[in-house]
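Enquirer: Attaching a predicted model along with its sequence, questions to come.
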Amino acid sequence: MEKEFLSEKTFNIKDITVSASCPSNIALIKYWGKYSRQIPANPSISYTLNHCRTNTTLEFSSGGHFSVQTFLSGNEELKFADKIEKYFRSIEPYLPWILQGQYIIRTENTFPHSSGIASSASGFGAIAKCLMEVDDAFSGERGIEYKMKKASFLARLGSGSACRSLFEGLVVWGNTSEVDGSSDLFAVRYPDSEVHPVFRDFNDWVLLIHEGEKSVSSTVGHGLMNTNPYAQRRFQEAHENFTLLKEILRNGDMEGFIKLVEHEALTLHAMMMMSEPAFILMKTGTLAVINKIWEFRKSTGLPLFFTLDAGANVHLLFPNNGTEGLIKEFIEAELLQHTQNNGVVKDVMTFL
Ligand code: PMV
């Protein structure tokens with residue numbers, strides 16, 4: 001219920017500076033397609049990354065006209081400020097103090113700005129965490145659990161996938177009968193006890209195939225699902241994949257995991273190709289890398305596989321189970337050449 005996040009009482013508005021850090025995430029079952037107010041058309045699940053993060057400091061000066069100034073790595077960003085201003089206006093019912101002052105927001109990503117790695121997830125995650133710090137200071141503390149849940153709820157209203165970044169490990173967003181407590185309004189952590197150890201220490205090396213802006217934004221992409229004739233089948237399949245994935249995670253079925261995760265990535269891009277108008281975010285390098293991964297797996301049997309987000313970059317996934325040395329050698333020797341500037345961001349997802 002959205003009601004639990006509404007807030008009426010506000011005390012003690014004052015000048016305050018808060019800081020927060022939030023990681024990025026990569027989805028295994030993808031969110032693609034939504035209804036109004038960022039309600040997802042299907043449930044999704046992601047790994048939260050360890051190293052790719054956004055660090056944000058928010059300075060609030062109380063009183064005066066509402067205004068927002070934003071800086072990314074020290075440079076003023078006017079477009080981002082507009083976006084945040086709109087966002088703050090949209091969440092006033094949940095944070096009644098939010099328009100009563102001026103903001104300076106300084107933000108830095110630990111990954112290269114031009115990399116094409118989604119900064120909106122970690123960015124909105126960090127801002128939502130900052131807002132909940134301020135809310136605590138003004139309205140009194142209500143416990144860490146409520147705070148993280150509301151931060152996830154607020155992050156979702158900024159960028160859907162951001163709501164998953166508030167939690168570590170495997171994180172679910174969207175109502176599914178497969179996960180207790182799951183909700184369309186905020187994300188929840190997938191229970192660790194249901195995850196085989198082989199899935200709790202994973203690498204995600206992001207090959208930067210194409211750096212810079214993508215040709216079609218995810219907002220436009222989500223919108224095109226409204227008229228995509230395959231959309232309903234896709235949403236249903238995401239639910240079916242949750243049922244499959246639950247069993248795979250419990251059993252440690254690596255082969256099943258690889259098949260499901262790659263299928264989800266290709267389905268996401270297939271949906272783009274079947275939109276009207278159609279669009280393709282993969283590049284030549286993306287396809288070359290996918291084919292080489294498949295050949296490598298066929299000839300060695302080693303668990304190297306991929307997922308994609310809404311862009312050309314390839315997320316190379318492989319477990320730390322003793323085979324990672326050979327896989328890393330292969331990546332350096334064979335796959336790096338398909339990146340634009342030898343670009344690779346090496347991250348891990350570890351929750352032992
Ligand atoms: O949160 P958005 O609106 O940027 O959408 C992200 C969608 C994908 O990254 C393609 C998939 C996902 O679930 O993260």
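Expert: Yep, that arrived.

Enquirer: Name the SS class of whatever residue of the stretch 51-200 of the chain ends up closest to the ligand, please.
Expert: The minimum distance from the stretch 51-200 of the chain to the ligand, using CB to the nearest ligand atom, falls at residue 161 (3.3 Å). C-betas here are computed from N, CA, C, even on glycine. Per DSSP: H, G, I helix; E, B strand; the rest coil, the local secondary structure of residue 161 is helix.

Enquirer: in the chain, which spans are strands?
Expert: Here the chain has its strands, by DSSP state E, at 16-29, 34-35, 39-40, 44-62, 67-72, 75-76, 101-109, 170-173, 187-189, 201-207, 305-308, 314-319, 344-350.

Enquirer: ok, and for the fourth one, which residues are buried?
Expert: When you say that, I think you mean strand 44-62. 44-49, 52-54, 56-60 (16 or more other CB atoms under 10 Å).

Enquirer: Between the residues you listed, which sits nearest residue 110?
Expert: residue 53 (4.8 Å; CB to CB).

Enquirer: correct me, but the closest one touches residue 117?
Expert: No. Using CB atoms under 8 Å, residue 53 is not in contact with residue 117, being 10.8 Å away.

Enquirer: sorry, back to before: can I get the strands of the chain in CSV including mean pLDDT?
Expert: Below are those laid out as CSV (pLDDT from 0 to 100):
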stretch, mean pLDDT
strand 16-29, 98
strand 34-35, 98
strand 39-40, 98
strand 44-62, 97
strand 67-72, 97
strand 75-76, 96
strand 101-109, 97
strand 170-173, 98
strand 187-189, 98
strand 201-207, 97
strand 305-308, 98
strand 314-319, 98
strand 344-350, 95
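
Enquirer: Enumerate the residues of the stretch 1-150 of the chain near the ligand.
Expert: 27, 30-32, 44, 118, 120 (CB under 6 Å from any ligand atom).

Enquirer: What's the local residue count around the closest residue to residue 150 other than its chain neighbours?
Expert: Spatial nearest neighbour of residue 150, excluding adjacent residues (CB to CB, 6 or more residues apart in numbering): residue 5 at 5.5 Å. Neighbour count of residue 5, defined by other CB atoms under 10 Å: 18.

Enquirer: so who does residue 5 touch?
Expert: If you count contacts by CB atoms under 8 Å, 6 or more residues apart in numbering, residue 5 has them with 94, 150, 153-154, 185.

Enquirer: quick one: which of these has the most company?
Expert: residue 154 leads the contacts of residue 5 on contacts (other CB under 10 Å) with 28 neighbours.

Enquirer: If I look at that residue, what pLDDT would I see?
Expert: Reading off the confidence values, residue 154 has pLDDT 98.

Enquirer: OK, contacts around the closest residue to it other than its chain neighbours?
Expert: Nearest residue to residue 154, sequence neighbours excluded (CB to CB, 6+ apart): residue 128, at 4.2 Å. Contacts for residue 128 (CB under 8 Å, 6+ apart) come out as 22, 151-152, 154-155, 158, 162, 166.
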